[in-house]
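1. Got a predicted structure here, sequence first:
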Amino acid sequence: MWSRGFALFFVARAVARLGDTMLPVALAAGLLQHGYGAGAVGLAMAARSVAFAGLVIFGGVVADRFSTQKLMIGADLVRLGTQSLAAALFYSGHVVLWEICAIGFVSGVAGAVFQPGVASTVPRLASDMQGANGAIRIAESAAQLVGPALAGVLVGFASPGGVFAADAATYAVSALCLLLLRLPPLAPVSGPTGHGGGKAFRADLIEGWREFRARTWLWGVIAIWCVYMIAVWGPSVPLVATQVVQQHGPRAYGLVNSALGAGTVIGGLLALRLRPRRMLRAGAVSLFAFVGFPATVGAGLGVPAMAAGAAVAGAGMSFWGVMWATSVQTQVPPDVLNRIHAYDVAGSLAMMPVGQTLAGPAATAVGADHVLLAAAAMSFAVPISLLSVPAIRNLVRADAPAQGAGAGVADRRPRSESTG
């Protein structure tokens, strides 16, 4: 797994993720220093996420038509420019909200072009895709732990502009690592792959949707995940933060958040070692662990119990993430993988803002603790729903030993749909 190519890609993802985790701190500190409120901070963050979620499907089509390596390098260079411009604005003291939102929007567009190529790059660099996804997940989790603390130090010793400058530097490092990659050529694809005109683009978009819809395990997980985003993850993140800070102070929330990040590292390590034959079944079982995150806070338990619940929840989520990413990369044909991954990302993220938006009114109506306990109950319902779908629970990993004639690694059809 640890070839020169994968090592370069690993560094690129880890460093870029470190920059991403510093960005919310920089935005919040910078805008508040210049007289803006929490609403302005939310708007600036939303500008980036809306552009990303709204355009990532089109980014998947572009990634399947052109060189993903060049697209990712170009996206990193665009974000190098946007974050450098933001750093200059904050250093100069000329901070206008619409300009910061516009910079965030352009950065989100670049992210939408970059992200689909990640899915197809891992299989070209590592034959052990589960191990590769586990290693990347560990690096991203470690960045999640270090990034906010590093951003706080930079804000204290320099300014919010210094954090944006550091964020820009991470994209420069990522672009350099990707430039040094020597990717093996893609296998020839069947059928036309024309690059000409809007009709071909629409045809690629429709083909991606057809391939997505043809796999029950794929769209089934995304449909259930939309419910998860609305009822579990969306309300849990803001309400846990609010409850812990109000009842125990910001240091306690930092501890709980760090425990969640540490748990994701543990989940990544487990994913490196465990090789279940039915990956989505094992991943769905691990999702039961997430109940500890909202339940301990909703029940009003002490900080040690909340931290322990967050750590267990992080491990379960991380293990599921590796199982899911590896399943998509190994079960989907390479020529449509970028588009499928784009539908996956868009579907996974689409409902999160809905859950976050509804969290406040729901907490006002019935109380934040009751909303968190309801989210804990849904943490049980979601994996049960995943396990109740035969196409999901019976999907056999693509590199599992053959059980009969005609089975093999090269067969990437959704096998669970033919085996019950």
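-> Arrived safely. Residues are numbered from 1 along each chain as shown.

2. What residues sit buried inside the helix or strand harbouring L43?
-> L43 belongs to helix 38-65 when assigned by DSSP states H and E. By 16 or more other CB atoms under 10 Å, the buried positions in helix 38-65 come out as 40-41, 43-45, 47-49, 51-65. (Glycine included, C-beta is placed from N, CA and C.)

3. So what's the gap between that helix and the chain middle?
-> Relative to its chain's centre, helix 38-65 lies at 13 Å (CA atoms, centre = their mean, to the nearest Å).

4. just checking, what packs against it?
-> helix 4-33, helix 97-125, helix 197-213, helix 334-350 (3 or more CB pairs under 8 Å, 6 or more residues apart in numbering; DSSP states H and E).

5. residues touching the nearest residue to V50 once chain neighbours are set aside, list them.
-> Among residues not flanking V50 along the chain, G108 sits closest, at 6.9 Å (CB to CB, 6 or more residues apart in numbering). G108 sits next to 47-52, 55 when contact means CB atoms under 8 Å, 6 or more residues apart in numbering.

6. if we take the residues you listed, which one ends up nearest to C177?
-> Ranked by distance to C177 (CB to CB), the contacts of G108 are led by F52 at 21.5 Å.

7. Was I right to think that closest one contacts A112?
-> Yes: proximity of F52 to A112 meets the contact threshold set by CB atoms under 8 Å, at 5.0 Å.

8. how far away is P123 from N133?
-> 10 Å (CB to CB, to the nearest Å).

9. more neighbours, those two?
-> Each of P123 and N133 had its neighbours counted (other CB atoms under 10 Å), and the higher figure belongs to N133 (25 against 18).

10. sorry, back to before: can you list the contacts of G108 in TSV and add pLDDT?
-> As requested, the contacts of G108 are exported to TSV (pLDDT from 0 to 100):
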residue	pLDDT
A47	82
R48	84
S49	78
V50	80
A51	85
F52	84
L55	83
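
11. tell me the contacts of the spatially most central residue of the chain?
-> Compute the mean C-alpha point of the chain, and by CA atoms, centre = their mean the closest residue is V345, 7.5 Å away. Counting by CB under 8 Å, 6+ apart, V345 touches 53, 56, 115-116.

12. one more time with 10 Å, if that's ok
-> Applying CB atoms under 10 Å, 6 or more residues apart in numbering to V345 gives the contacts 52-53, 56-57, 59-60, 111-112, 115-116, 118-119, 222.

13. which among those gets closest to S84?
-> G111 (16.3 Å).

14. pLDDT value on the closest one, please?
-> At G111 the predicted local distance difference test score is 90.

15. doesn't G60 make contact with F114?
-> No: taking contacts as CB atoms under 10 Å, F114 lies outside contact range of G60: 11.2 Å.
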